[in-house]
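Novice: What would the 3D arrangement of this be:
(one chain, ligands or ions: 1)
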Amino acid sequence: MRSRPVITIDGPSGAGKTTVSIRLAEAAGMIRLDTGAMYRAVALASRSKGVPWDDPARLGGVARTLALSFRTVAGVPRVFLSGEDVSDALRTPEISMGASAVSAHGPVREALVEKQREMAREGGVVLEGRDTGTVVFPDAEAKFFLDAAAAVRARRRFLEVSPPGGQPFEEVLRDVLRRDVQDSTRVNSPLRMADGAVYIDTTTMTVDEVVGEMLRRLPGIPR
Ligand code: DC
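Specialist: From the prediction side, this is the model:
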């Protein structure tokens, strides 16, 4: 039994999960686990090891041995792979598509889900991803599903592509739509709203409004 709650936030690319989970974790005095960064790290690590993104068995090996750590540097969450800060390298268009590809494979998911459960075992954690409320913690104390119109989600992604302006908007939109299809039609843990999740359409909402709405849904959760 964990002594502190687990909160899950799932939804498609650009729905606002990252920004909102950082703010929510801060407001609730919890830590945050970006599960998408873990799939991105598998895509990056496998590329540098020469493991193709369609080789489930070898990708499973990469996922199991991933030397990943999350640290906050100057108030900003950063991701380290084998000691190197890869936060920016994880956010290129190529690695975004690669993460979506590797995340479809069972052995990758099994390895990462096990790590995620272990990292959040004691609670006090906000997890964000695609399956955190359906598969990783179906018994979470609070679950959210964030969504937004595709054009708005693509615009948000367009503004955070690394390097800035490095991908035309039309291409970002095409990639967002392609990842929507890949992530929600795969056989292993497709993107779905979890039973009991609160659905929030963030299309016309500010970050403050979304976080405020989530906090209103959380009273009673011991922090
Ligand atoms: O949230 P993100 O854009 O960083 O996620 C990158 C990819 O990783 C996404 O296209 C699907 C996959 N993913 C997943 O399958 N399950 C998760 N819990 C998180 C991300």
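
Novice: right, and the helix or strand after the longest helix seen in the chain?
Specialist: Using DSSP state H, we find that the single longest helix of the chain is helix 169-185. Using DSSP states H and E, the helix or strand that follows helix 169-185 in sequence is strand 198-201.

Novice: For that following strand, give the mean pLDDT please.
Specialist: Mean per-residue pLDDT for strand 198-201: 98.

Novice: how far out from the middle of the chain is the helix or strand following that strand?
Specialist: Using DSSP H and E, the helix or strand that follows strand 198-201 in sequence is helix 207-216. Helix 207-216 sits 19 Å away from the centroid of its parent chain (CA atoms, centre = their mean, to the nearest Å).

Novice: that older thread, which parts of the longest helix of the chain are buried?
Specialist: Across helix 169-185, burial judged by 16 or more other CB atoms under 10 Å covers 172-173, 175-177, 179-180, 182-183. Placement of C-beta: from N, CA and C, glycine included.

Novice: Would you tell me which residues of the protein are close to the ligand?
Specialist: Contact residues (CB under 6 Å from any ligand atom) of the chain with the ligand: 13, 35-36, 39-40, 99-100, 103, 129-132, 179, 183.

Novice: and stretch 158-172, how far from the chain's centre?
Specialist: A distance of 19 Å separates the centroid of the chain from that of stretch 158-172, by CA atoms, centre = their mean.

Novice: Show me the contact partners of it.
Specialist: By CB atoms under 8 Å, 6 or more residues apart in numbering, the residues outside stretch 158-172 that reach it are 88-89, 91-93, 154-155, 157, 175.

Novice: would you list the residues you listed in TSV and tack on secondary structure?
Specialist: Output for the contacts of stretch 158-172, formatted as TSV (DSSP: H, G, I helix; E, B strand; the rest coil):
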residue	secondary structure
88	coil
89	helix
91	helix
92	coil
93	helix
154	helix
155	helix
157	helix
175	helix
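
Novice: Looking at these, which two lie furthest apart in space?
Specialist: 89 and 155 (23.1 Å; CB to CB).

Novice: one step back: export the residues of the chain next to the ligand to TSV and tack on distance to residue 7, secondary structure and pLDDT?
Specialist: Formatted as TSV, these follow (distance: CB to CB, whole Å; DSSP: H, G, I helix; E, B strand; the rest coil; pLDDT from 0 to 100):
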residue	distance to residue 7	secondary structure	pLDDT
13	20	coil	92
35	13	helix	98
36	16	helix	97
39	20	helix	98
40	22	helix	98
99	22	helix	97
100	24	helix	94
103	21	coil	97
129	12	strand	97
130	16	coil	96
131	15	coil	97
132	9	helix	98
179	24	helix	92
183	21	helix	92
